[in-house]
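> Predicted model, plus sequence, below.
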Amino acid sequence: MNIKQFEDKNLSHFSYAILSDGEMALVDPSRNPEPYYRYAEEMGAKITAVIETHPHADFVSSHLEIHNHTGAMIYASALIGASYPHQGFDEGDEIQLGKINLKSLNTPGHSPDSISIVAYDELGKAHAVFTGDTLFIGDCGRPDLREKSGKLQAKREELAGQLYHSLRNKLIPLPDETQVYPAHGAGSLCGKGISGDKESTMGREKKENWSLQEMSEDEFIKSLLEDQPFIPKYFSFNVDLNKEGAADFRETVKNVKLGRPVTEQDQANALTKSVAIIDTRPQNEYKKQHLKGSINLMKGSSFETWLGSIIEPNEPFYLAAENEEDLTELIERAAKIGYENQIEQGFVLRFGEASTPSFDSDKLKSNPGDYTLIDIRNRSEVKGGKFFENAINLPLHELRNRLDEIPTKKPIVVHCAGGYRSAAGSSLIQEMLNPGVPVYDLSEAVEKFK
């Protein structure tokens, strides 16, 4: 048995190829299937199975495309009610893969239809378990994503109780030496305290993972529900899309409308004013010149998450980039959360109608009362301590819907924890609220106030 882990660092997503005797099974594949095809060719293997541990909320899977391209059977829990061609894969069901067996365990809790897959070697030993979003390294899956999405819906308290029993009755009994391969690592919003490690063993998790320790069901539920991260707008949209099966990655990306580089006012005037512009250029370029109404959501490791937190599912938007290479990459990254069809037009931007005033952070140190301070960090971050006592907390993912809560009698200063989100938040306030007073981005200077 050979197991290869694939990592999408931007989405903190792990997917897997399991090989035995020339046959390959894929577990929770990402939107772009090409790395799996290349690996199968490199290993001289045939992809015969694609397994979905559940309908994912934070990324779009390529399970249907791989099925259409290779003929591989898709295996998923019958509880999903999936619209794509598939075979039910629930408790006790097995897949023969070369000389090994893959067995399904129903492990509800993160979602009502979650499964984990145990890989048994040629001697019948439980070599590895692929836990999806049920068990992470150092944590377990959050139970609050399926209250309003998917065929099966359940309250977070109910799912948390199911997860308690899934962990104890299905996973803890596995041998200590069983390798643990989850669907996500540190940084994913599908858990709240995921380790930076990429794999583990059941023995280690039984010792170190808080969710596997001895406690009552009530204690577990209380601990699990506390301080879960926010839920991006696109999560429920992705659950439904994954239940249906997404269009082919390359084809859908190729269909995104591309415009000529915007270099003059006439081209800017031709853009529909009611459509949001996502300007992905570095903040120093944005601040020099940008289009009115644009939001500076820079290319970075969290681009997909914040795009899907600011822009609503099915809401059209323009995508502006610094160059053609960045534009191509960012269209593909938008496709990883199913947003490619919402791009009204993608273009390279070399023109601006407005600029952002520079800010002297020393003035804020001397006279903090002269400014309205907006803290756009998440509530869990603010709970750990405020940088400015009088700052108003309006998390970035809520900001577009709460602009009317911002006082506009004083200049506005926006901050986050490091500068990435404040670039988006300050541009959003300036261009969408248009408060009539200067809006400043504290950016990386926030470090002086920690």
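That came through, no problem.
> Domain-wise, how is this protein divided?
Domains of the chain are assigned by automatic domain parsing as 2-240, 248-348, 361-449.
> for the ones you listed, which one sits closest to S355?
Counting by C-beta to C-beta, S355 lies closest to domain 248-348 out of the domains of the chain; the figure is 5.6 Å. In this view, the C-beta of every residue, glycine as well, is placed from N, C-alpha and C.
> Could I get the average pLDDT for the closest one?
For domain 248-348, mean pLDDT rounds to 97.
> got the domains of the chain as TSV, with mean neighbour count and distance to S355 columns?
Rendered in TSV, the data for the domains of the chain read as follows (neighbours: other C-beta atoms under 10 Å; distance: least, C-beta to C-beta, whole Å):
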stretch	mean neighbour count	distance to S355
domain 2-240	20	30
domain 248-348	19	6
domain 361-449	18	10
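> of these, which approaches A354 most closely?
Ranking the domains of the chain by distance to A354, with C-beta to C-beta as the measure, places domain 248-348 first at 5.4 Å.
> re the thing from before, now distance to A354 too, for the domains of the chain, in a markdown table please.
Below are these laid out as a markdown table (distance: least, C-beta to C-beta, whole Å):
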| stretch | distance to A354 |
| --- | --- |
| domain 2-240 | 27 |
| domain 248-348 | 5 |
| domain 361-449 | 8 |
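> residue ranges for the helices of the stretch 301-450 of the chain, please.
Along the stretch 301-450 of the chain, the segments classed as helices by DSSP state H, counting those that start in this stretch run 303-310, 324-335, 361-366, 379-383, 420-428.
> Format those helices as a markdown table; extra columns: distance to S223.
What follows is the helices of the stretch 301-450 of the chain, written out as a markdown table (distance: least, C-beta to C-beta, whole Å):
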| stretch | distance to S223 |
| --- | --- |
| helix 303-310 | 25 |
| helix 324-335 | 34 |
| helix 361-366 | 38 |
| helix 379-383 | 14 |
| helix 420-428 | 28 |
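> Let me see the backbone angles for the residue most central in space within the chain.
For the chain, D58 is the residue whose C-alpha lies nearest the centre (C-alpha atoms, centre = their mean; 4.0 Å). With angles defined as degrees, to the nearest 10, D58 shows backbone torsions of phi -100, psi 0.
> separation between it and I337?
Plainly put, D58 is 8 Å away from I337 if you go by C-beta to C-beta, to the nearest Å.
> likewise D404?
Noted for D404: a distance of 28 Å to I337, by C-beta to C-beta.
> any idea how far T107 is from L163?
From T107 to L163 the distance is 8 Å (C-beta to C-beta).
> So for those two, which residues contact both of them?
Between them, T107 and L163 share these contacting residues under C-beta atoms under 8 Å, 6 or more residues apart in numbering: T134.
> Quick check: which ranges of the stretch 1-150 of the chain have low pLDDT?
Under the criterion pLDDT under 70, the flagged ranges of the stretch 1-150 of the chain are 149-150.
> all strands of the stretch 251-400 of the chain, in order?
Secondary structure of the stretch 251-400 of the chain (DSSP state E, counting those that start in this stretch): strands at 276-279, 294-296, 317-321, 343-348, 372-375, 392-393.
> Let me know the angle separating the third one from strand 343-348.
Our comparison of strand 317-321 with strand 343-348, counting by axes from the mean of the first three to the mean of the last three C-alpha atoms, to 10 degrees, yields an angle of 10 degrees.
> Strand 317-321 - contacts with which helices or strands?
Contacting strand 317-321 under the criterion 3 or more C-beta pairs under 8 Å, 6 or more residues apart in numbering; DSSP states H and E are the following elements: strand 276-279, helix 324-335, strand 343-348.
> Paired strands for it, with orientation please.
With DSSP bridges as the criterion, the sheet partners recorded for strand 317-321 are strand 276-279 (parallel), strand 343-348 (parallel).
> G88 is nearest to which of these?
Closest of the strands paired with strand 317-321 to G88 is strand 343-348, at 35.9 Å (criterion: C-beta to C-beta).
> Quick one, grab the pLDDT at the residue lying farthest from the centre of the chain.
Residue farthest from the centre of the chain, counting by C-alpha atoms, centre = their mean, is S366 at 39.3 Å. Among the per-residue scores, S366 holds a pLDDT of 91.
> can I get the strands paired with strand 317-321 in a markdown table with distance to T178?
Putting those into a markdown table (distance: least, C-beta to C-beta, whole Å) gives the following:
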| stretch | distance to T178 |
| --- | --- |
| strand 276-279 | 43 |
| strand 343-348 | 43 |
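> right, and those - which one's nearest D90?
Minimum separation from D90 across those (C-beta to C-beta) falls at strand 343-348, 37.9 Å.
> Determine how far that closest one lies from the middle of the whole chain.
22 Å (C-alpha atoms, centre = their mean, to the nearest Å).
> since we're on D360, how many residues are nearby?
By the criterion of other C-beta atoms under 10 Å, D360 has 10 neighbours.
> For S61, what are phi and psi?
Backbone dihedrals for S61, given as degrees, to the nearest 10, come out at phi -90, psi 150.
> For the closest residue to it other than its chain neighbours, which residues are in contact?
With C-beta to C-beta, 6 or more residues apart in numbering as the measure, N242 is the residue that lies nearest to S61, at 5.3 Å, once sequence neighbours are left out. N242 is in contact with 52, 55-56, 60-61, 63, counting by C-beta under 8 Å, 6+ apart.
> ok, now V50?
25-26, 29, 63, 66-67, 72-75.
> please redo it, this time with the cut-off set to 6 Å
26, 63, 66, 72, 74 (C-beta atoms under 6 Å, 6 or more residues apart in numbering).
> Okay, and which of those map to strands?
Filtering the contacts of V50 for membership in strands, criterion DSSP state E, returns 26, 74.
> Looking at the contacts of V50, spot the one nearest L171.
Of all the contacts of V50, L171 sits closest to L26, with 21.7 Å by C-beta to C-beta.
> Now for that closest one: which residues touch it?
With contacts defined as C-beta under 6 Å, 6+ apart, L26 is in contact with 17, 36, 50.
> hey, what's the nearest residue to it once chain neighbours are set aside bridged with?
Spatial nearest neighbour of L26, chain neighbours left out: V50 (4.9 Å); criterion: C-beta to C-beta, 6+ apart. When bridges are called by DSSP bridges, V50 pairs up with L26, I74.
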